[in-house]
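Chemist: What follows is a predicted structure for the sequence shown.
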Protein chains: 2
Amino acid sequence: MNIQPNPKAAILTEIMLAVFRMQGRLLKKGDELVKPLNLTSAKWQVIGAVALAGKPLSAPQIAEAMGITRQGAQKQLNKMEKEGFFERCPNPYHQNSPLYTLTDLGIRSFSDAMALETVWADGLVTDLSLQRLHETLQTLNVIHEQLDSPVPKKGDR
Amino acid sequence: MNIQPNPKAAILTEIMLAVFRMQGRLLKKGDELVKPLNLTSAKWQVIGAVALAGKPLSAPQIAEAMGITRQGAQKQLNKMEKEGFFERCPNPYHQNSPLYTLTDLGIRSFSDAMALETVWADGLVTDLSLQRLHETLQTLNVIHEQLDSPVPKKGDR
DNA sequence: CCTTAAGTGGAAACTAGTTGTCATTATGCG
DNA sequence: CGCATAATGACAACTAGTTTCCACTTAAGG
């Protein structure tokens, strides 16, 4: 099963696979969690981006906060505006690029989702120490930063 | 920024966000890495599932190994058969459900991808200890197992 | 046997994201 | 001011997965 010579690289491979598995599971669980609020994981993330910014954002700003393309964010925004989670308000710096504000419904949905998520998360971490969680987060962040650097060529090591 | 009362749950939330960010980055990097082999991350994963099993698998078996639905796996398989990575061979136990074998091209693609991945992974883990990586993997696995249990009700804690 | 339930492939509609193109709207520089 | 360039929204086509339905095979029970 383990064909890779470097044991650290082998574990990293398993971490990558764990990340894939977790992502799928998290999205599914998230969808279930916020379904009563008429939300999906994706919509929840859009609302979260604006709520955490604490001010109206344009579509490209939301995209950047979420780490997706501006077209992807725009798609969700167009739907969510019709569903009443957001309102457009004029952007003083760009007439063609409105800012998106959370409506009352949007604000309420976010705080409801946050409440659900807190209860859920509490139940997941009982077996793990704070120290352990900290280290894990830090490790993931280190790997994530490394992912920004280019793929090394064969002669580079 | 941190509105959650339980510090462990708050860190877990950040771990979840880190997992989302990493998943996106990993897929993008994976696509770049195996593009010279005429592969994508998704196809690489399908090939990997069969290669690691060491024997031909049916579509539902591949789906289970990958953690996706059988229809999702079938879609990739139908495409990849046309592209010459797989061959169908008759399933003695189910005439309607062929087994998928890697062709020479499929086998070669997998080992080439593995070689590329090893070089890449080596470069990502130089800053991290084996111990640290082990603990991270273990933590992720604990969280993943917890994700299988149902969302706790308000009275459960 | 026959019938029923489970497993399977195929196809369609859907979610969520991507890339690419086009027209319009800023922005900055000469 | 005017013009090249960047930013933006709209739209279309694509990837990768999901759910849902239908039809056919297989397995198990009476």
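Modeler: Structure's in. What do you need?

Chemist: make it CA atoms for all contacts and neighbour counts henceforth
Modeler: Fine.

Chemist: What score does residue A:5 have for pLDDT?
Modeler: At residue A:5, the model reports a pLDDT of 67.

Chemist: Residue A:152 too?
Modeler: Value for residue A:152, per-residue pLDDT: 47.

Chemist: Then residue A:56?
Modeler: 95.

Chemist: Which residues are in contact with the nearest residue to it once chain neighbours are set aside?
Modeler: Nearest non-adjacent residue to residue A:56, counting by Cα to Cα, 6 or more residues apart in numbering or on different chains: residue A:101, 4.7 Å away. Residues near residue A:101 by Cα atoms under 8 Å, 6 or more residues apart in numbering or on different chains: A:50, A:55, A:56, A:57, A:86, A:87, A:88, A:89.

Chemist: a strand runs through residue A:101, doesn't it?
Modeler: Yes: assessed with DSSP: H, G, I helix; E, B strand; the rest coil, residue A:101 lies in a strand.

Chemist: how about the residues of chain A near DNA strand C?
Modeler: A:40-43, A:67-73, A:76, A:93-97 (Cα under 7 Å from any atom of the strand).

Chemist: Just the buried residues of those residues.
Modeler: Neighbour counting with 16 or more other Cα atoms under 10 Å in any protein chain shown marks A:40, A:41, A:43, A:70, A:73, A:97 as buried within those.

Chemist: Specify which member of the residues you listed is nearest to chain B.
Modeler: Nearest to chain B, judged by Cα to the nearest Cα, of those is residue A:41 at 11.3 Å.

Chemist: about what we covered before: I'd like the contacts of residue A:101 written out as JSON lines, with secondary structure, neighbour count and distance to DNA strand D added.
Modeler: Listed next are the contacts of residue A:101 as JSON lines, based on DSSP: H, G, I helix; E, B strand; the rest coil; neighbours: other Cα atoms under 10 Å in any protein chain shown; distance: Cα to the nearest atom of the strand, whole Å:
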{"residue": "A:50", "secondary structure": "helix", "neighbour count": "24", "distance to DNA strand D": "14"}
{"residue": "A:55", "secondary structure": "coil", "neighbour count": "12", "distance to DNA strand D": "15"}
{"residue": "A:56", "secondary structure": "coil", "neighbour count": "21", "distance to DNA strand D": "12"}
{"residue": "A:57", "secondary structure": "strand", "neighbour count": "23", "distance to DNA strand D": "9"}
{"residue": "A:86", "secondary structure": "strand", "neighbour count": "24", "distance to DNA strand D": "13"}
{"residue": "A:87", "secondary structure": "strand", "neighbour count": "20", "distance to DNA strand D": "12"}
{"residue": "A:88", "secondary structure": "strand", "neighbour count": "17", "distance to DNA strand D": "10"}
{"residue": "A:89", "secondary structure": "strand", "neighbour count": "14", "distance to DNA strand D": "11"}
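
Chemist: Adding distance to residue B:137, write these out as TSV.
Modeler: Formatted as TSV, the contacts of residue A:101 follow (distance: Cα to Cα, whole Å):
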residue	distance to residue B:137
A:50	32
A:55	37
A:56	38
A:57	36
A:86	39
A:87	42
A:88	43
A:89	45
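
Chemist: Tell me the one of those residues nearest chain B?
Modeler: residue A:50 (12.4 Å).

Chemist: give the contact list for the closest one.
Modeler: Here residue A:50 is in contact with A:56, A:57, A:62, A:101, A:102 (Cα under 8 Å, 6+ apart).

Chemist: so which two of those residues are the farthest from each other?
Modeler: Pairwise distances across the contacts of residue A:50 (Cα to Cα) peak at 12.5 Å, for the pair A:62 and A:102.

Chemist: Looking at these two, which has the bigger crowd around it?
Modeler: Between residue A:62 and residue A:102, counted using other Cα atoms under 10 Å in any protein chain shown, the more crowded position is residue A:62 (26 against 23).

Chemist: From the contacts of residue A:50, pick the one nearest residue B:112.
Modeler: If you rank the contacts of residue A:50 by distance to residue B:112 using Cα to Cα, residue A:62 comes first, at 38.4 Å.
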